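>>> Build me a model from this:
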Amino acid sequence: MADKVSTRVAEKEIRLEAPVAREVSLPAPAAERLNSLDTFRGFIMFWIVGGEALMVGVQALGQNPIFSGIVYELRHTPWKGLRFYDCIWPSFMLMVGLSLPLSFAKRSLAQSYSQFVVHALRRSLVLFLLGSVRESVFLGSPFLIELSSALQPIAIAYFVAVLLVRKSPRVQAAVAALILAAYALLLALVPAPGIPAGTYELNHNLVNEVDLALFRAHWARWPYAPEGWGTALSTIPTVSTTILGLLIGELLMSKRSKESKVKMMGAAGLSCLALGYALSPVVPIVMKMWTTSYGLVTAGWACLMFLVFYWLIDVRGYRRLSVAFVVIGANALFIYMFASLVPLGRWVGIFTKAMAGSSARVEPLTRAVCVLAIEWLILFWMYRKKLFIKA
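Numbers count the residues shown, from 1 in each chain. Next up, the predicted model:
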């Protein structure tokens, strides 16, 4: 469900010496950006703003085991388990933390830490309010809090990470581990009215009960409530994934060799996977509760996915292949809000349905291609004009 994972998503500006390859006729922004991170962000955002619809359109042409498998992975797991789409939101949380040390290093040249914190607080408030706008438009009436979508949890996790940015890596790692451990113990030991402690059933668990107590009016009219999405409590462990990103960002800024950085990121990703899967028989992997096992496993996958982009682009130098995604990733916040608020697919469908005529099976693919093309051309124009929308 793209609306949910839009689920929670990315917007930090990162500046490093990584220009787009010279042979590609795509002008670089005024300040250079970490190409692998923009590419990874663009790759993840691609599936939210049209990639899923594109694959569904291809599948509509005729059943094919390969495309059916891809579409399966582009749907959220109904409850327990893990698919690729369940890793999108954690990938954004990781990227938020990853970008922070780079942003802090740049701003610290002209700002004190207290000024940086004030700036970060303003950004967090803007992101939080953008989440409110998105939910209010979706529900058709003003609504302030919507923590089961991307922007508001990102705002909270980002500000917590800002408070830790000057701490040692050991302290940062300890805070991340403590959050995950405390959250696991909370779900395992604290019962809810009529619900035993350690219950992880759909809409019958502590996370759901807390949300009903705090946001019952929202739940009464929220179409995704039957799917069991958590909000208040399940926002807490998202901070740990952002802190892991913070640690990776600091690693990237260190004087270690790129080969050493690759090995350390790989070890971190594999360790998270091993711990998460080892814990899963006791604490099941449930995205909509953001269980500790889910947080560990998805942080591991997000770390390894970023590692692939870092190795290909910043280590091996394959920048030509990154252009299409860089254009998306450089304006991720803009395209996320644009896709959420502008019914582009419905508008385009007016024309693609008329053109398809009796070829109804072709229309979903045609519409998806047109929507993606329009979005990308808008982003390409913004990139060329050096227009970068951020909180």
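
>>> Next, count neighbours for residue 269.
21 (other Cβ atoms under 10 Å). For glycine as for every other residue, the C-beta is placed from the backbone atoms N, C-alpha and C.

>>> what's near enough to touch residue 115?
Contacts for residue 115 were tallied using Cβ atoms under 8 Å, 6 or more residues apart in numbering; they are residue 107.

>>> Which residues belonging to the helix or strand hosting it are considered buried?
According to DSSP states H and E, residue 115 maps onto helix 113-139. Neighbour-count burial for helix 113-139, counted by 16 or more other Cβ atoms under 10 Å, picks out 116, 120, 123-124, 126-128, 130-135, 138.

>>> Against residue 138, how distant is residue 350?
Plainly put, residue 350 is 22 Å away from residue 138 if you go by Cβ to Cβ, to the nearest Å.

>>> distance of the residue nearest the centre of the chain from residue 127?
For the chain, residue 92 is the residue whose C-alpha lies nearest the centre (Cα atoms, centre = their mean; 2.6 Å). Using Cβ to Cβ, residue 92 is found at 12 Å from residue 127.

>>> who touches both of those two?
residue 154.

>>> In the stretch 1-150 of the chain, where is pLDDT below threshold?
1-33 (pLDDT under 70).

>>> rerun at 80
1-33, 63, 148-149 (pLDDT under 80).

>>> so residue 52 makes contact with residue 72?
No. Between residue 52 and residue 72 there is no contact, the gap being 11.4 Å when judged by Cβ atoms under 8 Å.

>>> Looking at those two, which one has more neighbours?
residue 52 (21 against 13).

>>> Can you tell me the element the more buried one falls in?
Going by DSSP H and E, residue 52 is part of helix 52-60.

>>> How far does that helix sit from its chain's centre?
21 Å (Cα atoms, centre = their mean, to the nearest Å).

>>> So which residues make contact with that helix?
Here helix 52-60 has contacts from 2, 64, 67-68, 70-71, 74, 85, 345, 361, 364-369, 371-372, using Cβ under 8 Å, 6+ apart.

>>> 7 Å instead, please
Helix 52-60 has contacts (Cβ atoms under 7 Å, 6 or more residues apart in numbering) with 2, 67-68, 70-71, 74, 361, 364-365, 368-369, 371-372.

>>> can you list these in a markdown table and add neighbour count, distance to residue 247 and secondary structure?
Shown next, in a markdown table, are the contacts of helix 52-60 (neighbours: other Cβ atoms under 10 Å; distance: Cβ to Cβ, whole Å; DSSP: H, G, I helix; E, B strand; the rest coil):
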| residue | neighbour count | distance to residue 247 | secondary structure |
| --- | --- | --- | --- |
| 2 | 20 | 29 | helix |
| 67 | 17 | 37 | helix |
| 68 | 11 | 38 | helix |
| 70 | 17 | 32 | helix |
| 71 | 17 | 34 | helix |
| 74 | 20 | 29 | coil |
| 361 | 12 | 48 | coil |
| 364 | 22 | 42 | helix |
| 365 | 20 | 41 | helix |
| 368 | 23 | 37 | helix |
| 369 | 17 | 39 | helix |
| 371 | 22 | 37 | helix |
| 372 | 18 | 34 | helix |
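
>>> hang on, isn't residue 368 packed against residue 49?
No. The criterion here is Cβ atoms under 7 Å, and residue 368 misses it with residue 49 at 10.7 Å.

>>> Helices along the stretch 51-200 of the chain, start to end?
With helices called from DSSP state H, counting those that start in this stretch, the stretch 51-200 of the chain shows them at 52-60, 65-73, 88-107, 113-139, 151-164, 169-189.

>>> so what secondary structure elements neighbour the fifth one?
Pointing back at helix 151-164 there. For helix 151-164, the packing partners by 3 or more Cβ pairs under 7 Å, 6 or more residues apart in numbering; DSSP states H and E come out as helix 88-107, helix 113-139, helix 238-253.

>>> likewise the second one?
In this structure, helix 65-73 makes packing contacts with helix 52-60, judged by 3+ Cβ pairs under 7 Å, 6+ apart.

>>> Only alpha carbons, please: show the helix it packs on as PDB.
What follows is helix 52-60, C-alpha atoms only, in PDB (Å, rounded to 0.1, in the frame of the first residue of the first chain):
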ATOM      1  CA  GLU A  52       4.600  -0.100  -8.300                       C
ATOM      2  CA  ALA A  53       1.900   1.000 -10.800                       C
ATOM      3  CA  LEU A  54       4.300   0.400 -13.600                       C
ATOM      4  CA  MET A  55       4.800  -3.200 -12.600                       C
ATOM      5  CA  VAL A  56       1.100  -3.700 -12.000                       C
ATOM      6  CA  GLY A  57       0.500  -2.400 -15.500                       C
ATOM      7  CA  VAL A  58       3.000  -4.900 -17.000                       C
ATOM      8  CA  GLN A  59       1.400  -7.700 -15.000                       C
ATOM      9  CA  ALA A  60      -2.000  -6.700 -16.500                       C
END
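
>>> what angle do that helix and helix 65-73 make?
With axes from the mean of the first three to the mean of the last three Cα atoms, to 10 degrees applied, the angle from helix 52-60 to helix 65-73 works out at 140 degrees.

>>> Just the buried positions in helix 52-60, please.
Those would be 52-60, for helix 52-60 by 16+ other Cβ under 10 Å.

>>> returning to that earlier point: out of the buried residues of helix 113-139, the closest to residue 41 would be?
For those, the minimum distance to residue 41 (Cβ to Cβ) is 15.1 Å, reached by residue 127.

>>> hang on, the closest one packs against residue 150?
No. Residue 127 lies out of contact with residue 150 (Cβ under 7 Å); the separation is 9.1 Å.
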